[in-house]
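*Asks:* 3D, please:
(2 chains)
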Amino acid sequence: GAVVSQHPSRVICKSGTSVKIECRSLDFQATTMFWYRQFPKKSLMLMATSNEGSKATYEQGVEKDKFLINHASLTLSTLTVTSAHPEDSSFYICSARARGGYEQYFGPGTRLTVT
Amino acid sequence: GQQVMQIPQYQHVQEGEDFTTYCNSSTTLSNIQWYKQRPGGHPVFLIQLVKSGEVKKQKRLTFQFGEAKKNSSLHITATQTTDVGTYFCAGPGANSKLTFGKGITLSVRP
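*Replies:* Okay, here's the model as predicted:
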C-alpha cells in the first residue's frame, strides 16, 4: 500500500527558532500534498494544499509567511514553522494523493513542542 | 462554506454491541470518504462512496451513502476492542480539498 513518512516524529524547539518538517511519499508520486494541524481530541484542520512545482494554497487564517511550504518534487513536501511560538505547539500531519487518485494517505505526524 | 458534521463526538459501547454513527453534509457531495485514526496514530483511509444509496461492506463495517448524497452512515457489527479509535468522514470541497468532520471517538468496554 501507499506509504507516507514524516520526519521528525517529535521535535522540541525554543521559542523564536524555526523547525522544518519533511513529508515523503515512499512508493508513489504525490502530485498533491496536504498539511494539517490537529489539536488534542480535535479534528484535522487543513492548513494548506501544495501541488508539485507550484505555490501552496493556504487556508484562511493560516499565515503563509509563518508556515512555509515547499513541494519541490513528486515525493517530498516540507513545512517550515518560522519563528515558532508556544501556541504553535501541535500535531502536524501531512497527507499525499497520487495523480488521478482520490484517497489521501497520511503520514504518521510530527509532534511539535515549542518551549 | 461546506460543513461536514458528525455528532456526537464520543460514544462508548460494550464489546459485542453494534455501533452506528452518522455524517451529515450541508451540501450535496460527489463522494464521501471515511478514515479511522487509532489512538496515537494517524488517519487511515477506509473507504469511498460515490453513488447515491451505495452500500459497501468491509468485514464487520458497513458504510452507506444517502440517497440525496448529503449524509452517510457507518455501522459496526459486534464491536471489538480493535475497533477503538476516531472515525472521520470527509467530503470533497473546492480545489480537491477534503472537508473533515470532527470525528467520533469510539471506546469499547471489554
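*Asks:* partners of the helix or strand hosting B:His75 in the sheet?
*Replies:* In this structure, B:His75 sits in strand B:71-76 according to DSSP states H and E. Applying DSSP bridges, strand B:71-76 is found paired with strand B:19-25 (antiparallel), strand B:61-65 (antiparallel).
*Asks:* List the contacts of the longest one.
*Replies:* I take that to be strand B:19-25. Contact with strand B:19-25 is made by B:2-7, B:11, B:13, B:32, B:34, B:70-76, B:79, B:83, B:87, B:89, B:91, B:101, B:104, B:106, as judged by Cβ atoms under 8 Å, 6 or more residues apart in numbering or on different chains. Placement of C-beta: from N, CA and C, glycine included.
*Asks:* which of the residues you listed count as buried?
*Replies:* B:4, B:6, B:13, B:32, B:34, B:70-76, B:79, B:83, B:87, B:89, B:91, B:101, B:104, B:106 (16 or more other Cβ atoms under 10 Å in any protein chain shown).
*Asks:* for chain A, what are the nearby residues on chain B?
*Replies:* Residues of chain B lying close to chain A (Cβ under 8 Å from any Cβ of the partner chain) are B:31, B:33, B:35, B:41-45, B:48, B:88, B:92, B:95-103, B:105.
*Asks:* Buried subset of those as a PyMOL selection?
*Replies:* Buried subset of those, written as a PyMOL selection, criterion 16+ other Cβ under 10 Å:
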select buried, chain B and resi 31+33+35+42+43+45+48+88+92+97+98+99+100+101+102+103+105
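*Asks:* for the residue nearest to the spatial centre of chain A, what are its contacts?
*Replies:* Per Cα atoms, centre = their mean, the C-alpha nearest to the average position across chain A is that of A:Trp35, at 3.7 Å. Applying Cβ under 8 Å, 6+ apart to A:Trp35 gives the contacts A:23, A:46-50, A:56, A:67, A:69, A:77, A:79, A:92-94.
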